[in-house]
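*Asks:* Build me a model:
(one chain, ligands or ions: 2)
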Amino acid sequence: MSAMDQHVAPAAIRAAFSAAMSRMYRAEVPLYGDLLEIVAAVNAAVLSAQPALARQLAASGEGVRLGEERHGAIRVGTPAELRLLARLFAIMGMAPVGYYDLAPAGIPVHSTAFRATDAADLATSPFRVFTSLLRLELIADPDLRAKASAILADRRIVTDACVALIEEAEQEGGLHAGAADRFVAEALETFRWQGRALVNAATYDALLAQHRLVADIVAFPGPHINHLTPRTLDIDAAQAEMQRRGMAAKASIEGPPRREVPVLLRQTSFHALSESFVPLGAEGADAQHTARFGEIEQRGAALTPAGRALYDRCLQRAQDGETLADAFAGFPDDFGELFAAGLAYAQFLPTGRAGRADTIEQALANRLLAPAPLTYEDFLPVSAAGIFRSNLGEVAPETYAAGGSQAAFEAALGQPVRDPFKLYAAAQERSAAEALAKLA
Ligand code: OOG
Ligand code: NI
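*Replies:* Ligands and ions are numbered 1, 2, ... in the order given. Down below sits the predicted model:
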């Protein structure tokens, strides 16, 4: 065995980290535990009521990952912090995918999602982290901007031991078992809520007055995880149960309406909790901060650029006042049709019919293979803005004239973000090749 072979697979480190993060958040925000219960019960009910869906999830390998599946969200203050976290996530096989500009929604950040990129890797652990970078230049008051910048320059968001393990992994090409365990424990510290501020109460208030999000990013020792989101197979049922239990659920579900064939992403959340913290130099004081919340989501089919453009047009009609159902009436709701119209990506599953085919078209025409949705692994900017806003206590919707730019984000990140459409297209191609090879 070579040294390489003894390295723990990045996907295994990611799965362990995702589980550790879930345990930590459950202890920090007990309502997250309630969400997990609701989602597990709803998913079990859906799987027993819809055997065809259960079969599809089993055939595509997603059944296994479902109970494991969650995404988190964090916010960092500087390019240096973003780059350090990119290195941390890389140890777990997570790359930055996609670019999200939140400025049009009045939120002074732009974002990417760190996630696994390849189908097999996603099947092991689809853990994703929506990661936002503060756009410090949008803090209007120059004195406050300078102060925020100095606070951020001084803090260390990753423990020394974790930095050493990141360097070891980069030099050795991976981590051995003991080191991987230590990495998971140390990396967790970056995302823990520490209950104390780096600033005194007056500075906290000044940052808060600038923007609630600015206080959340700048005033604390690090990018505490602000929510962790399990995946449900029926978000309407889960939302109804949240309301039945008296949780402060968001009034409406973000994303497309309920459909036969779910597309992209639907999300809802419960409002952020008030948590106490100790301002700098004020031991015993009990200040309150609201940032951390709970969210659930239902994932549907990944759409092609044409499908996404149609989605955006429908969403615009809903924003212009049409009901969601009317706005989406023209969006095909049959997967075969979505795929044939070039609106959705597909994976190809055997139908059980025997036969040979040279091309995927032949195999589909002869019903040897059937197209099934490829799950959307990313986020939606308008939905993300809705989630941000509902948890900032519905701040006045100011918008920023200066939009973010992908080039500026990539310069801060020190690398390009991956294009999600290319990843789905590659997954579709690989599925076609593998499915055809199995027929032969
Ligand atoms: C991120 C909000 C966006 C999602 O699922 O769209 C998000 C944040 O509040 O930091 O998590
Ligand atoms: Ni989220």
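*Asks:* CA only for contacts and neighbour counts going forward, please
*Replies:* Will do.
*Asks:* May I ask you to confirm that residue 311 belongs to a helix?
*Replies:* Yes. Counting by DSSP: H, G, I helix; E, B strand; the rest coil, residue 311 is found in a helix.
*Asks:* how close does it sit to residue 28?
*Replies:* 36 Å (Cα to Cα, to the nearest Å).
*Asks:* neighbour-wise, which of those two wins?
*Replies:* residue 311 (22 against 14; other Cα atoms under 10 Å).
*Asks:* quick one: contacts for that one?
*Replies:* Residues in contact with residue 311 (Cα atoms under 8 Å, 6 or more residues apart in numbering) are 256, 328, 331.
*Asks:* what helix or strand is the nearest residue to the first one once chain neighbours are set aside on?
*Replies:* Excluding its sequence neighbours, the residue lying closest to residue 256 (Cα to Cα, 6 or more residues apart in numbering) is residue 266, at 6.4 Å. Take DSSP states H and E as the rule and residue 266 turns out to sit in strand 265-270.
*Asks:* residues of the one helix or strand residue 425 maps to that come out buried?
*Replies:* Element membership of residue 425 [criterion: DSSP H and E] is helix 420-439. Buried residues in helix 420-439, defined by neighbour count with 16 or more other Cα atoms under 10 Å: 420-421, 423-425, 427-429, 431-432, 435-436, 439.
*Asks:* Go ahead and name everything in contact with stretch 210-217.
*Replies:* Contacts of stretch 210-217 (Cα under 8 Å, 6+ apart): 75-77, 107-108, 134, 139-140, 204-205, 207-208, 223, 291, 392, 395.
*Asks:* swap that for stretch 130-145, sorry
*Replies:* Residues contacting stretch 130-145 (Cα under 8 Å, 6+ apart): 71-79, 82, 108-114, 149, 206-207, 210, 214, 217, 400.
*Asks:* okay, and for the stretch 251-400 of the chain, where does confidence drop off?
*Replies:* For the stretch 251-400 of the chain, the stretches with pLDDT under 70 are 393-399.
*Asks:* SS state for residue 257?
*Replies:* Three-state assignment for residue 257 (three-state DSSP): coil.
*Asks:* how close does it sit to residue 269?
*Replies:* From residue 257 to residue 269 the distance is 16 Å (Cα to Cα).
*Asks:* repeat for residue 140
*Replies:* 30 Å.
*Asks:* The residue nearest to residue 256 is in contact with residue 252, isn't it?
*Replies:* No. Contact criterion Cα atoms under 8 Å: residue 266 and residue 252 do not qualify, at 10.2 Å.
*Asks:* Between these two, point out the one with more neighbours.
*Replies:* Using other Cα under 10 Å, the more surrounded residue of residue 266 and residue 252 is residue 266, with 25 against 11.
*Asks:* who's in contact with that one?
*Replies:* Counted by Cα under 8 Å, 6+ apart, residue 266 has contacts 235, 253-256, 297-299.
*Asks:* Of those, which is the most crowded?
*Replies:* Using other Cα under 10 Å as the neighbour test, the contacts of residue 266 are led by residue 297, with 26 neighbours.
*Asks:* Report the contact partners of it.
*Replies:* Residue 297 neighbours (Cα under 8 Å, 6+ apart): 229-232, 235, 265-268.
*Asks:* now do residue 340
*Replies:* Applying Cα under 8 Å, 6+ apart, no residues qualify as near residue 340.
*Asks:* Which of residue 140 and residue 269 has more residues huddled nearby?
*Replies:* Higher neighbour count among residue 140 and residue 269: residue 269, with 28 against 10, using other Cα under 10 Å.
*Asks:* Now do the same for residue 225: helix, strand or coil?
*Replies:* Once three-state DSSP is applied, residue 225 turns out coil.
*Asks:* Let me know whether it touches residue 189 as I believe.
*Replies:* No. In this structure, residue 225 is not within contact of residue 189 by Cα under 8 Å, at 10.3 Å.
*Asks:* more neighbours, those two?
*Replies:* residue 225 (22 against 19).
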